[in-house]
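In: Requesting a structural model of the entry that follows:
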Amino acid sequence: MDLTVVAYIVYLLISVALTVWVARTLSRNGRIFLADVLHGNEKLAEAVNHLLVVGFYLVNFGFVALYLSQDEAVADARSLFEALSVKLGVVLLVLGVMHLGNVWVLNKIRRRGMMEREQVPPVPPQGWTQQAGRGPWAPPAPGAGAGAGA
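Out: Residues are numbered from 1 along each chain as shown. Presented below is the predicted three-dimensional model:
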């Protein structure tokens, strides 16, 4: 059997296994993070998590397929390992960059949600306190200050 074909088979097996493992790990551990980002909406968090996993698979399997071809033939065991190390190294880097990109975007969404929650007053305004015959911005009545009783 041609060593180039062996390199292709090993590359595909390892790349697919790595992609599935990373996707499952991110999906399992990302549920809690997504629930927090989406303000505790578990059903929406599960749906977004599933969509992210599907997109992750599509992009990574597409990249693995496009990166499969090799210009030069693999002649011996040394060149087999060198070709595999380069190909798998690039796949691992792409997986890592995609993971960091997802975490960065979700963290931005989470921070924005936290800032919106902090801007809401703890008690909603209940109306203006008005003095008899005066508007809400009227100065205090004479003698109502701190030194009035002295």
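
In: Counting residues, which helix of this structure comes out longest?
Out: helix 77-119 (DSSP state H).

In: what helices or strands is the lowest-mean-pLDDT helix or strand in the chain leaning on?
Out: Taking mean pLDDT, DSSP states H and E as the measure, the helix or strand of the chain with the lowest value is helix 77-119, at a mean of 83. If contacts are counted by 3 or more C-beta pairs under 8 Å, 6 or more residues apart in numbering; DSSP states H and E, helix 77-119 sits against helix 3-37, helix 42-66. From N, CA and C alone the C-beta is placed, and that goes for glycine too.

In: at 6 Å instead, please
Out: For helix 77-119, the packing partners by 3 or more C-beta pairs under 6 Å, 6 or more residues apart in numbering; DSSP states H and E come out as helix 3-37.

In: Could you name the helices and strands sitting against the helix it packs on?
Out: Taking 3+ C-beta pairs under 6 Å, 6+ apart as the contact cut, helix 3-37 packs with helix 42-66, helix 77-119.

In: Same list, the ones you listed, but as TSV with mean neighbour count and distance to residue 34 please.
Out: Shown next, in TSV, are the helices and strands packed on helix 3-37 (neighbours: other C-beta atoms under 10 Å; distance: least, C-beta to C-beta, whole Å):
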stretch	mean neighbour count	distance to residue 34
helix 42-66	14	4
helix 77-119	13	7
